[in-house]
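*Asks:* With the sequence up front, the predicted model follows.
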Protein chains: 2
Amino acid sequence: MSKKISMAVIRRLPKYYRYLKELMDKDVNRISSKELSQIIGFTASQIRQDLNNFGGFGQQGYGYNVSELYDEIGKILGLNKEYNTILVGAGNLGQAIANYSGFQKSGFKIKAIFDANPRIIGLKIRDLEVLDVELMEEYVKENDIKIAAICIPKEKAQQVADILVRAGIKGIWNFAPIDLHLPDDVVVENVHLKESLFTLSYLLNENEEATK
Amino acid sequence: MSKKISMAVIRRLPKYYRYLKELMDKDVNRISSKELSQIIGFTASQIRQDLNNFGGFGQQGYGYNVSELYDEIGKILGLNKEYNTILVGAGNLGQAIANYSGFQKSGFKIKAIFDANPRIIGLKIRDLEVLDVELMEEYVKENDIKIAAICIPKEKAQQVADILVRAGIKGIWNFAPIDLHLPDDVVVENVHLKESLFTLSYLLNENEEATK
């Protein structure tokens, strides 16, 4: 992949992947961009453009082979691999993430969970005992860990990120409500729940104004 | 607000709000778009454009009054009001959301929690007893509930959303991994965690390719 793909396209890929899975589950073998458009809500031209970024996949007059396209998008998303993952912060949100089997099934294997709170260290979440965050750097170095999910208060998040980067982490899934400063070879994906909720309240008020 | 603001602008507003709060906490009283640009990472021109959508707020040669701008953006986001909110689905993620005090402090008051699982109904989360989802429709109608956070499996999500809409809900914060079909007067904000994680794995692989 030498061409830089826009974030808007990248963010649509997981959605294609989800809808294609649903089609497979319904034993749909092939689908036109027009039919896909009706299901997924993007225009057919948008869909063709998006997929052309990666080489197209469709055949004139035939459409897309659903399971092939699913596999291809999976590969583009890197879901044909496994990722050794750790979780930092085993509070309510961290526990929810650790307990969600969907991530594990998609190849994101949570290998260890860390926390700084003595009351949480030692607890078992699934099959994993929560470890002292002091052990994190060494653990990441020695266990080929690629991804860290950070579910800790914002005050500690940059400091923890710095340690993770030093230890060799390449991707951070950040739930802390700050923007992390990271070197170019480390990617971050933020889940800022409060900002999502504030967006909802904006939309709610906008809609009420519009329908007055 | 008669003018339709683009989603890209709307999604930046909570970020402005967060950074302005940090500046206030550091006793910064005023800031130029240039200084704000250095902190927040958007260009100064982007910042001026964004804020001009709502009337500007800045003064030539003075910049922005931090606390005034914070209050104004809060109002634009609808954070000067309170929202009666319910939570549907008290599994791990639902419990994490119910336990996070930040939402309550921002005006999103969780009034009731519902679940369909007999083993979860009756549990106490914070001060709230988890109620049978069968009671949800009546509760929403009688208690002026505006927002529902949905943290349930995708198989039940549309059905629950239909009931909520019928009962008068105006905003849905949807954590279920599906796209809900809703009437125009109901807004939705999705948090699709798996799609976020897949975006991370895409970016991780793209970055590894680029630095090979």
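*Replies:* Right, received. Where do you want to start? All figures in this text were calculated on a predicted structure; none of them were measured in a lab.

*Asks:* Other residues contacting stretch A:69-84?
*Replies:* The list of residues contacting stretch A:69-84 from outside it, by CB atoms under 8 Å, 6 or more residues apart in numbering or on different chains, reads A:13-14, A:16-17, A:20-21, A:24, A:51, A:54, A:57, A:106-109, A:111, A:143-147, A:171, B:198, B:201-202, B:204-205. Bear in mind the C-beta positions are built from the backbone N, C-alpha and C, glycine included.

*Asks:* make it 7 Å
*Replies:* A:13-14, A:16-17, A:20-21, A:24, A:54, A:57, A:106-109, A:111, A:143-147, B:198, B:201-202, B:204-205 (CB atoms under 7 Å, 6 or more residues apart in numbering or on different chains).

*Asks:* Which positions in stretch A:147-163 come out as buried?
*Replies:* Residues A:147, A:148, A:149, A:150, A:151, A:152, A:156, A:157, A:158, A:160, A:161, A:163 are the ones in stretch A:147-163 that count as buried (16 or more other CB atoms under 10 Å in any protein chain shown).

*Asks:* Narrow these to those in helices?
*Replies:* Of the positions in the buried residues of stretch A:147-163, A:156, A:157, A:158, A:160, A:161, A:163 sit in helices, assigned by DSSP state H.

*Asks:* Where does pLDDT dip in chain A?
*Replies:* Per-residue confidence of chain A (counting by pLDDT under 70) places the weak regions at A:1-3, A:56.

*Asks:* ok, back up a step: near chain B, from the buried residues of stretch A:147-163?
*Replies:* Taking CB under 7 Å from any CB of the partner chain, the overlap between the buried residues of stretch A:147-163 and the neighbourhood of chain B is residue A:147.

*Asks:* State the pair within the buried residues of stretch A:147-163 that is farthest apart.
*Replies:* Farthest-apart pair in these is A:147 and A:156; separation 18.7 Å (CB to CB).

*Asks:* Using a markdown table, please lay out the ones in helices among the buried residues of stretch A:147-163 together with distance to residue A:118.
*Replies:* Below are these laid out as a markdown table (distance: CB to CB, whole Å):
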| residue | distance to residue A:118 |
| --- | --- |
| A:156 | 15 |
| A:157 | 20 |
| A:158 | 23 |
| A:160 | 17 |
| A:161 | 22 |
| A:163 | 19 |
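
*Asks:* Can you list the strands that the biggest strand by length in chain A pairs with?
*Replies:* Longest strand in chain A, counting residues (DSSP state E): strand A:108-115. In the sheet, strand A:108-115 lines up against strand A:83-88 (parallel), strand A:128-132 (parallel) (DSSP bridges).

*Asks:* Adding mean neighbour count, write the ones you listed out as a markdown table.
*Replies:* Converted to a markdown table, these look like this (neighbours: other CB atoms under 10 Å in any protein chain shown):
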| stretch | mean neighbour count |
| --- | --- |
| strand A:83-88 | 24 |
| strand A:128-132 | 16 |
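
*Asks:* is chain B contacted by stretch A:182-198?
*Replies:* Yes. Between stretch A:182-198 and chain B, judged by CB under 7 Å from any CB, the touching residues are A:185, A:187, A:189, A:191, A:193, A:194, A:195, A:196, A:197, A:198.
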